[in-house]
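Enquirer: sequence and predicted structure are below.
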Amino acid sequence: MEEIGSELENPFGRNPNDLPLDRICKTIASNIEELLKPQPHGEIYKQVVEIDNW
């Protein structure tokens, strides 16, 4: 039980059971870049409608 606690105590590192923070940050950056790309007016409306109908 103590070993499990030690593994969970600090998830921010480079050990196998730590969170993949580099990958998470790259995914967030990629998503933000995609959101900031200019899009034609019709495409934005289509995406909003698709999300609303989800």
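Expert: Received the coordinates, thanks. Nothing here was measured: the structure is a model prediction, and the numbers come from that model. Residues are numbered from 1 along each chain as shown.
Enquirer: going by C-alpha atoms from here, please, whenever you check contacts or count neighbours.
Expert: OK.
Enquirer: okay, now residue 36: neighbour count?
Expert: Residues contacting residue 36 under the criterion other CA atoms under 10 Å number 9.
Enquirer: distance of it relative to residue 29?
Expert: To residue 29, residue 36 is 11 Å away according to CA to CA, to the nearest Å.
Enquirer: quick one: mean pLDDT for the longest helix seen in the chain?
Expert: If you go by DSSP state H, the chain has its longest helix at helix 21-36. In this model, helix 21-36 has a mean pLDDT of 93.
Enquirer: next one: stretch 5-18
Expert: Per-residue scores along stretch 5-18 average to 83.
Enquirer: what's the first-to-last distance across it?
Expert: Note: stretch 5-18 ends 13 Å apart using CA to CA.
Enquirer: which residues are in contact with it?
Expert: If you take CA atoms under 8 Å, 6 or more residues apart in numbering as the criterion, stretch 5-18 is touched by 19, 21.
Enquirer: buried residues in the helix or strand in which residue 3 is found?
Expert: Here residue 3 sits within helix 2-9, counting by DSSP states H and E. Using 16 or more other CA atoms under 10 Å as the test for burial, helix 2-9 gives no buried residues.
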